[in-house]
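Visitor: turn this into a model:
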Amino acid sequence: MFSKKVEKAFEEADKEKSGYLTLATLRSILEKADQKIRALPATAQVASQEGRYVANLLNQLPDIRSTDFQQQNLKPFLYKHMGSLAYVGGDEAVFDFTGSKPLLDLVDLKPLSGRSAAYLWKSFYFTEMFTGRTKTLLAFDWVRTHIFGRDISRY
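Guide: Next up is the predicted model:
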C-alpha cells in the first residue's frame, strides 16, 4: 500500500538506475511527498480513532507476521471530525461542532464559549471517567475548587 508508492517514487527519481539517490534528488522527493501530506490535528480525538483503526486492522489480519499487506485488502484510515471542545480555565470553555455531520448541521449549531460551554465540557469530561470513585473524586475536586479556589501553593 504505502511502501509500494514510496518504492515507485524512488524508482522514478533514480534516473541513472543505480539504486542510489543523491541528496538533492532525495530532497526533491521528500518535498513532493510533504506537499501531499495532510496532517491531522494532534488531539485525543484523532488518537482514539487511530487506535481503534489499528486495533481493528490487527484483529482482521489472519497472520500477524505477514508482510504482504497488499493482499490483505485493508481499508485506509478515515478521520471523522466530532467537533472541538477546550477548557480555557476559570469556568470558561470553547466548543465548535461545525463540520461534525450530520446531526449537528441539521440544527445549525454555532461555536459557543463561556460558562455554558464550560459546563458542557465538564459533562463530557465527567462521562469519560470509568469508575464511580473517579467520578466522585472529580466532582468533589470541582466543588472544592469552586468554593476555595485553585491551590497554587505547590507551584
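Visitor: following the helix or strand bottoming out on mean pLDDT in the chain, which helix or strand shows up next?
Guide: When the helices and strands of the chain are scored by mean pLDDT, DSSP states H and E, helix 103-106 comes last with a mean of 56. Downstream of helix 103-106, the next assigned helix or strand under DSSP states H and E is strand 112-114.
Visitor: so for that next one, mean pLDDT?
Guide: Per-region confidence: strand 112-114 scores 84 on mean pLDDT.
Visitor: what helices or strands is that strand leaning on?
Guide: Judged by 3 or more Cβ pairs under 8 Å, 6 or more residues apart in numbering; DSSP states H and E, strand 112-114 is in contact with strand 93-96. In short, each C-beta sits where N, CA and C put it, glycine included.
Visitor: what's the first helix or strand after the helix or strand in which Ala33 is found?
Guide: Secondary structure from DSSP H and E places Ala33 in helix 23-36. Once the chain leaves helix 23-36, the next helix or strand it forms, by DSSP H and E, is helix 44-60.
Visitor: show me the residue at the heart of the protein, geometrically.
Guide: With distances taken as Cα atoms, centre = their mean, the residue of the chain nearest its centroid is Val46 (1.5 Å).
Visitor: ramachandran coordinates for the residue nearest to that one when sequence neighbours are not counted?
Guide: Closest residue to Val46 in three dimensions, ignoring its sequence neighbours and counting by Cβ to Cβ, 6 or more residues apart in numbering: Leu40, at 4.7 Å. Recorded main-chain torsions at Leu40 are phi -90, psi 160, according to degrees, to the nearest 10.
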